[in-house]
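# quick check, what structure comes out for this input:
(chains A and B)
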Amino acid sequence: GAVVSQHPSWVICKSGTSVKIECRSLDFQATTMFWYRQFPKQSLMLMATSNEGSKATYEQGVEKDKFLINHASLTLSTLTVTSAHPEDSSFYICSASRLAVTYEQYFGPGTRLTVT
Amino acid sequence: RKEVEQDPGPFNVPEGATVAFNCTYSNSASQSFFWYRQDCRKEPKLLMSVYSSGNEDGRFTAQLNRASQYISLLIRDSKLSDSATYLCVVMEYGNKLVFGAGTILRVKS
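Predicted structure coming up:
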């Protein structure tokens, strides 16, 4: 149990375009989903926290108008990178949690974004 | 100062060796502590939680010292399959996970 999927697993896009990444909890309802970014040889950095049905809370330094997060249901959250630039190329990982049950976060397999 | 600091390594050890990783954290209000394992280009996977009383899971032993804000992981009888990056992770208010940059372990035959 507690499986989280992400789609796509990798994507290459041109500078200036937008990319949508989906995060799904497959066998449980996720009250909270988290979005992380990891640059090569660096640690995962939390970008934002989203609760179903409410606006996401962004970490300091993360542009909410550039990284649009939607958590419309208890099993799906999406991250849209708008007007992507090469410096947005990174490994984007989501995690999902059933906070009413446990503090454990279950991680998706990640999405590798390359902006050319 | 980074919130969670780890020696980046790499630690190159032979099979069967015992290896220890250390980690320090800066926020004394941190609530929970974990070790995760991350393989190359994959998502992190929870290895174990860390408690002040210490906890052991097979060949892995984790320890927390709240007074020193120090966390350790000991791996005994290293296997080739233990090769990975080990992430020290601290949970803060709001269930936010703060990750260290990771320590690379390479176990060689």
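
# in the sheet, who's paired with residue 90?
I went with chain A, as the question did not name one. When bridges are called by DSSP bridges, A:Ser90 pairs up with A:Leu113.

# that's the wrong chain, I wanted chain B
Counting by DSSP bridges, the residues bridging with B:Val90 are B:Phe33, B:Val98.

# interface residues of chain A facing chain B?
Applying Cβ under 8 Å from any Cβ of the partner chain, we find that chain A lies next to chain B at A:32, A:34, A:41-46, A:49, A:91, A:93, A:95, A:97, A:99, A:103-105, A:107-110, A:112. C-betas here are computed from N, CA, C, even on glycine.

# buried subset of those?
Buried members of those, scored by 16 or more other Cβ atoms under 10 Å in any protein chain shown, are A:32, A:34, A:43-46, A:49, A:91, A:93, A:95, A:97, A:104-105, A:107-108, A:110, A:112.

# so which of those residues are in strands?
A:Thr32, A:Phe34, A:Met45, A:Leu46, A:Thr49, A:Phe91, A:Ile93, A:Ser95, A:Ser97, A:Gln105, A:Phe107, A:Arg112 (DSSP state E).

# chain B: which of those is nearest?
For these, the minimum distance to chain B (Cβ to the nearest Cβ) is 4.2 Å, reached by A:Phe107.

# now do the same for the closest one: its pLDDT.
pLDDT for A:Phe107: 95.

# hey, where'd the strands end up in chain B?
Here chain B has its strands, by DSSP E, at B:4-6, B:11-14, B:19-25, B:32-38, B:44-50, B:55-57, B:60-65, B:70-75, B:84-92, B:96-99, B:103-108.

# no further queries at this time; thank you.
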